[in-house]
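Enquirer: Everything below, folded, please.
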Amino acid sequence: MDNIIFDLDGTLIDSARLTAAILDRMLEERGVHVGADRAIIRRMDAVGGEAMIAAVLGAHSANPAAELDEFRSIHRTIAVPDDLPFPGVSDALAALDAAGVGLAICSNKPQFLCEKILGDLGLAQHFRAIVGSSPDRPRKPAPDSAWAALAGIGGNTGNTLYCGDSAIDVATARAAGLPFALVAWGYGTAEAIREEPGTPVFDSMSALRQAVEHHDRSAFRDG
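Expert: Predicted structure coming up:
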């Protein structure tokens, strides 16, 4: 493969940790002294938006739209932990970039947050295209974001892998006509495999790197 389009949350970064910290703060400000449910956060991560906010805040959610704005406002300024990437991610991205593999992000996270997090982590430099959600583009699993990422790296459906961690990612890759695989550590990987038996899964970033560099098509599933 000449290119890889990555999902972000739950695939490259352990974003649930940051989401939990923000929601803990929101609950604390509402006088609730119980932390946000981490299991719900991980389960809802691929969905995001108002649905995740309402699910996590539960009875303490009064206006999910306003609460989502509050969440994103905090997200703009909160510190991004240096160790937020999953193990091996930073080294693998640097190596793939150095080898000339075109890298892109395709995420349902808002564009400004994708850019902020990757910039704060020093990873943005490795990506030729960073495509987050925007009001004028349908969210995944619609293929529009994947197509935008594909155009941004100058790839095509024959030379670009889509790598994610959820059933939404599988559906996105299929809709875009891209070969795909999942990462073993992803939040939604187990559920995605139940829905799509036989979906290839990478156990480590080094395994992904080796498969891509050796053009091992057997490690991917055609979209």
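Enquirer: In three-state terms, label the nearest residue to D216 once chain neighbours are set aside for me.
Expert: Closest residue to D216 apart from its sequence neighbours, by CB to CB, 6 or more residues apart in numbering: Q210 at 7.6 Å. Placement of C-beta: from N, CA and C, glycine included. Assigned by DSSP: H, G, I helix; E, B strand; the rest coil, the conformation of Q210 is helix.
Enquirer: ok, so what distance separates Q210 from D203?
Expert: Distance from Q210 to D203, counting by CB to CB, to the nearest Å: 11 Å.
Enquirer: The two - which one has more neighbours?
Expert: Q210 (14 against 10; other CB atoms under 10 Å).
Enquirer: Which pLDDT value belongs to that one?
Expert: pLDDT recorded at Q210 is 92.
Enquirer: same question, H215
Expert: pLDDT, H215: 83.
Enquirer: isn't it right up against G158?
Expert: No - if you go by CB atoms under 8 Å, H215 and G158 don't touch, sitting 11.6 Å apart.
Enquirer: Buried residues, stretch 93-111. List them.
Expert: Buried residues in stretch 93-111, counting neighbours by 16 or more other CB atoms under 10 Å, are found at 93, 95-97, 101-111.
Enquirer: now swap in stretch 151-166 and tell me
Expert: 152-153, 155, 157, 160-166.
Enquirer: Now do that stretch: distance to the chain's middle.
Expert: Relative to the mean C-alpha coordinate of its chain, stretch 151-166 is positioned 14 Å out (CA atoms, centre = their mean, to the nearest Å).
Enquirer: Report the mean per-residue pLDDT for that stretch.
Expert: In the prediction, stretch 151-166 has an average pLDDT of 96.
Enquirer: Please pull out the lowest mean pLDDT helix or strand from the chain.
Expert: Least confident helix or strand, the chain: helix 38-44 with a mean of 90, by mean pLDDT, DSSP states H and E.
Enquirer: helices and strands around that helix, which ones?
Expert: helix 15-29, helix 49-57 (3 or more CB pairs under 8 Å, 6 or more residues apart in numbering; DSSP states H and E).
Enquirer: Nearest to G186, out of the ones you listed?
Expert: helix 15-29 (10.9 Å; CB to CB).
Enquirer: per-domain residue ranges of the chain.
Expert: Split into domains by automatic domain parsing, the chain comes to 3-14+84-219, 15-77.
Enquirer: among those domains, which gets the worst mean confidence?
Expert: Among these, domain 15-77 carries the lowest mean pLDDT (a mean of 92).
Enquirer: Pull up the distance across that domain, start to finish.
Expert: 15 Å (CA to CA, to the nearest Å).
Enquirer: ok now it, how far from the chain's centre?
Expert: 17 Å.
Enquirer: cool, stretch 84-104 as well?
Expert: Relative to its chain's centre, stretch 84-104 lies at 14 Å (CA atoms, centre = their mean).
Enquirer: Run through who's touching it.
Expert: Under the contact criterion CB atoms under 8 Å, 6 or more residues apart in numbering, stretch 84-104 has outside partners 1-6, 11-15, 17-18, 117, 121-123, 125-131, 149-150, 152-155, 160, 183, 185, 204-206, 208-209, 212-213.
Enquirer: who's in contact with N156?
Expert: By CB under 8 Å, 6+ apart, the neighbours of N156 are L150.
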